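what follows is a protein structure lacking sequence information:
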């Protein structure tokens, strides 16, 4: 069964801390994504990557950075956590050819609370 | 032009009824339209998807209806069951672009 694994289900961090959220996929997918999900706001794209060492800003990249040193791993970094970054963070991966898009596979999410 | 508008925001349906969720888009270059289902505490999972060369796709109790001229597509859940209670997201993309554009989500509750 194909999988996207997020390292933590629940995290509590203090304001100002540097926070690392890790995501690993075992499907050899080229594309990986980080979203945050908040009630009433749906899924908002933070960053995505279509290849190793490549990254693109999504709709809400401020306060975040990412790292993709290996194809299977995509890390989200909160440089200095703030309370407005309290949210559910979802990682996804997908496969696409030149002509065809395929569905995303999501992890189970990390619920981050910043106090 | 990149938006996907989803309605309703929430929906309550009696067990055995038909649940209908609608989405509308503007970008005529979109050519892939998936629906995702999300249970509490889980990430969204691909439920069913359609491409614009067909007007309908059915998988079990789930059907996507696609109206290219109206730029609308909808999810129908026949014989809705309490286990279908979840949040449903529509999305759209162009095959030349691997990014999905998401609807805002519909929270569906099936009453026993």
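Ah, there it is. Since we're looking at a predicted model, the values are computed, not measured.

checking whichever residue of chain B sits closest to chain A next. Helix, strand or coil?
Closest residue of chain B to chain A, CB to the nearest CB: residue B:43 (3.0 Å). C-beta coordinates here come from the backbone N, C-alpha and C atoms, glycine included. Each residue gets one of three states, and residue B:43 gets coil by DSSP: H, G, I helix; E, B strand; the rest coil.

please name the nearest non-neighbouring residue to residue 70.
No chain was given, so I picked chain A. residue A:52 (6.6 Å; CB to CB, 6 or more residues apart in numbering or on different chains).

oops, chain B please
Here the residue nearest residue B:70, using CB to CB, 6+ apart, is residue B:24, at 7.8 Å.

run through the bridge partners of the one you found.
Beta bridges link residue B:24 to residue B:5, residue B:72, judged by DSSP bridges.

what lines up beside whichever helix or strand residue A:88 is part of in the sheet?
Assigned by DSSP states H and E, residue A:88 belongs to strand A:87-96. Strand A:87-96 sits in its sheet next to strand A:31-38 (antiparallel), strand A:101-106 (antiparallel), strand A:110-114 (antiparallel), going by DSSP bridges.

downstream of the first one, the next helix or strand is which one?
What it means is strand A:31-38. strand A:42-49.

now that next one: mean pLDDT?
Mean pLDDT, strand A:42-49: 94.

any residue of it touching chain B?
Yes: residues of strand A:42-49 contacting chain B under CB under 8 Å from any CB of the partner chain: A:42-43, A:45, A:48.

which strands and helices sit next to the helix or strand hosting residue A:67?
Secondary structure assignment for residue A:67, by DSSP H and E: strand A:64-70. Helices and strands touching strand A:64-70, by 3 or more CB pairs under 8 Å, 6 or more residues apart in numbering or on different chains; DSSP states H and E, are strand A:31-38, strand A:42-49, strand A:73-78.

was I right about residue B:24 contacting residue B:66?
No: in terms of CB atoms under 8 Å, residue B:24 does not count as a neighbour of residue B:66; the distance is 11.6 Å.

shared neighbours, the two?
Common neighbours of residue B:24 and residue B:66 are listed as residue B:72 (criterion: CB atoms under 8 Å, 6 or more residues apart in numbering or on different chains).

residues contacting residue 35?
All of this is about chain A. A:43-46, A:58, A:89-92.

could you do chain B instead?
Applying CB under 8 Å, 6+ apart, the residues near residue B:35 are B:46-49, B:62, B:64, B:75, B:88-91.

can I assume it sits in a strand?
Yes: per three-state DSSP, residue B:35 lies within a strand segment.

give me the beta-bridge partners of the residue nearest to the spatial centre of chain A?
In chain A, the residue lying closest to the centroid (CA atoms, centre = their mean) is residue A:34, at 2.5 Å. Taking DSSP bridges as the rule, residue A:34 bridges to residue A:47, residue A:91.
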